[in-house]
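Peer 1: kindly return the folded structure for what I paste below:
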Amino acid sequence: MNKKIVFYAGCAIALMLPLIKSVHAFASGISLLMGIILASFSLILVPKNLGKIRKLTLNSAVVFFGFGLSISKVVAVGSKGIFQTAISLIVVISIGLFLAKIFKMEKKLSQLIVFGTAICGGSAIAATSPVIEASDEDIALSTGIVFILNTVALFLFAFFINYFKLNAEQTGIWTALSIHDTSSVVSAAAFHSTEALRIATIMKLTRTLWIIPIVIVLSILNKSENKKIKFPIFILFFILASIVATIINLPAIYSLLTQIGKMLLSLALYMIGTSLNVQTIKKMTGKNLLYGVTLWIFSIISGYMIMMFL
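Peer 2: Here you go, the predicted model:
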């Protein structure tokens, strides 16, 4: 079979995976692995300008995610939700940076894992990677680790909810603070009740909004290091999309646009995978995975403490 046809067939599959209910929570991880496997066995021929296409696709995905972040919904949660997510963010990032030194992690890879753990998994990785100029391998490794931990989270939190006999509010807050991706937060909270799902969704939305100040801070830091402005234009469109979603009430349209963002993220991860090889999968284990797991354990503990006492 023509290798170009195989590549584009993979693109089509990656786009469709977020639409399949049984696998949508793991779409990005599956797409990444599919790309790596096809490239490792030399089954595809990628376009010469794939890097530019991948970057445009990834940035566009982030912009579409903006339509799912209505600031008015965050305000409706009240100052408590904003306060809780802020404390969680500070704790996880601080611990992550500290652990990075202990594990002797590569700077950009550790940053992506930290932001993915502290904010919202793949979306945060997609938003911050262009700002810190992370490599495709760093994006792939951090996304792969998040993918693995998200899979574990669905089973682990189902156990936690029963073991600790949590009520709806406790379940919603803890899952929203301690699980990486929104899809896994929703799935875990829904295991408890509709009310837990509602609380978790709003809390996760609040947590996700921290992408904006984090990217701004990273841009400023990057500017000071390189002595030039590095603020990514696509983040301005991301902010604009959030403002539009806040001012104009069109939930059905915004849900569709957010879904398109998930499809584009899945496609971008497939493209990243096609530029790598099986060695990348090996790097998802060992020190890198242990770092991600250790940081996530601290995130789970801090999330529980915040849920209980704040």
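Peer 1: please count neighbours and contacts with C-alpha atoms only from this point.
Peer 2: Noted.
Peer 1: return the distance of stretch 241-259 from the chain's centre.
Peer 2: Stretch 241-259 sits 19 Å away from the centroid of its parent chain (CA atoms, centre = their mean, to the nearest Å).
Peer 1: also stretch 106-126?
Peer 2: 7 Å.
Peer 1: which residues are in contact with that stretch?
Peer 2: The contact list for stretch 106-126 (CA atoms under 8 Å, 6 or more residues apart in numbering) reads 28, 58-59, 62, 65, 88-89, 92-93, 96-97, 100, 128-129, 132, 134, 138-139, 141-143, 145-146, 178-182, 204, 207-208, 210-211, 265, 292, 295-296, 299.
Peer 1: return the subset of the residues you listed lying in helices.
Peer 2: Members of the contacts of stretch 106-126 lying in helices (criterion: DSSP state H): 28, 58-59, 62, 65, 88-89, 92-93, 96-97, 100, 128, 138-139, 141-143, 145-146, 178, 182, 204, 207-208, 211, 265, 292, 295-296, 299.
Peer 1: tell me the contacts of the residue lying closest to residue 128 once chain neighbours are set aside?
Peer 2: Counting by CA to CA, 6 or more residues apart in numbering, residue 215 is the residue found nearest to residue 128 once chain neighbours are left out, at 6.1 Å. For residue 215, the contact set (CA under 8 Å, 6+ apart) comprises 127, 128, 131, 235.
Peer 1: including neighbour count, pLDDT and distance to residue 308, could these go into TSV?
Peer 2: Converted to TSV, the contacts of residue 215 look like this (neighbours: other CA atoms under 10 Å; pLDDT from 0 to 100; distance: CA to CA, whole Å):
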residue	neighbour count	pLDDT	distance to residue 308
127	26	92	31
128	27	93	31
131	21	89	35
235	22	82	34
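Peer 1: helix or strand: which one has the residue nearest to residue 128?
Peer 2: Per DSSP states H and E: residue 215 is located in helix 211-226.
Peer 1: for the helix or strand where residue 13 lies, packing partners?
Peer 2: Element membership for residue 13, per DSSP H and E: helix 3-16. Applying 3 or more CA pairs under 8 Å, 6 or more residues apart in numbering; DSSP states H and E, one finds that helix 3-16 contacts helix 27-40, helix 251-274.
Peer 1: identify all contacting residues around that helix.
Peer 2: 27-28, 31, 34-35, 43-46, 263-264, 266-267, 270-271.
Peer 1: quick one: mean pLDDT over it.
Peer 2: Predicted confidence along helix 3-16 averages 96 (mean pLDDT).
Peer 1: for it, buried residues please.
Peer 2: Neighbour-count burial for helix 3-16 flags 6, 7, 10, 11, 13, 14, 15, 16 (criterion: 16 or more other CA atoms under 10 Å).
Peer 1: re the thing from before, any idea which of the contacts of helix 3-16 is closest to residue 250?
Peer 2: residue 263 (20.3 Å; CA to CA).
Peer 1: just give the nearest non-adjacent residue to the closest one, would you?
Peer 2: That would be residue 15: by CA to CA, 6+ apart, it lies 4.8 Å from residue 263.
Peer 1: repeat that for residue 138.
Peer 2: Residue 138 sits nearest to residue 109 (CA to CA, 6+ apart), 5.1 Å away.
Peer 1: what count of nearby residues applies to that neighbour?
Peer 2: 22 (other CA atoms under 10 Å).
Peer 1: ok, now the one 3 residues further on?
Peer 2: Other residues near residue 112 come to 26 when the count uses other CA under 10 Å.
Peer 1: where does the stretch 101-250 of the chain have low pLDDT?
Peer 2: 223-231 (pLDDT under 70).
Peer 1: before we move on, back to that, I'd like the buried residues of helix 3-16 written out as CSV, with distance to residue 193 added.
Peer 2: Formatted as CSV, those follow (distance: CA to CA, whole Å):
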residue, distance to residue 193
6, 43
7, 42
10, 37
11, 36
13, 32
14, 31
15, 30
16, 29
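Peer 1: pull the most distant pair out of these.
Peer 2: The widest separation within the buried residues of helix 3-16 (CA to CA) is 15.4 Å, between 6 and 16.
Peer 1: distance of the closest residue in space to residue 23 that isn't next to it in sequence from residue 26?
Peer 2: Using CA to CA, 6+ apart and skipping residues adjacent in sequence, the residue nearest residue 23 is residue 17, 6.8 Å away. Remark: distance between residue 17 and residue 26 (CA to CA, to the nearest Å) = 8 Å.
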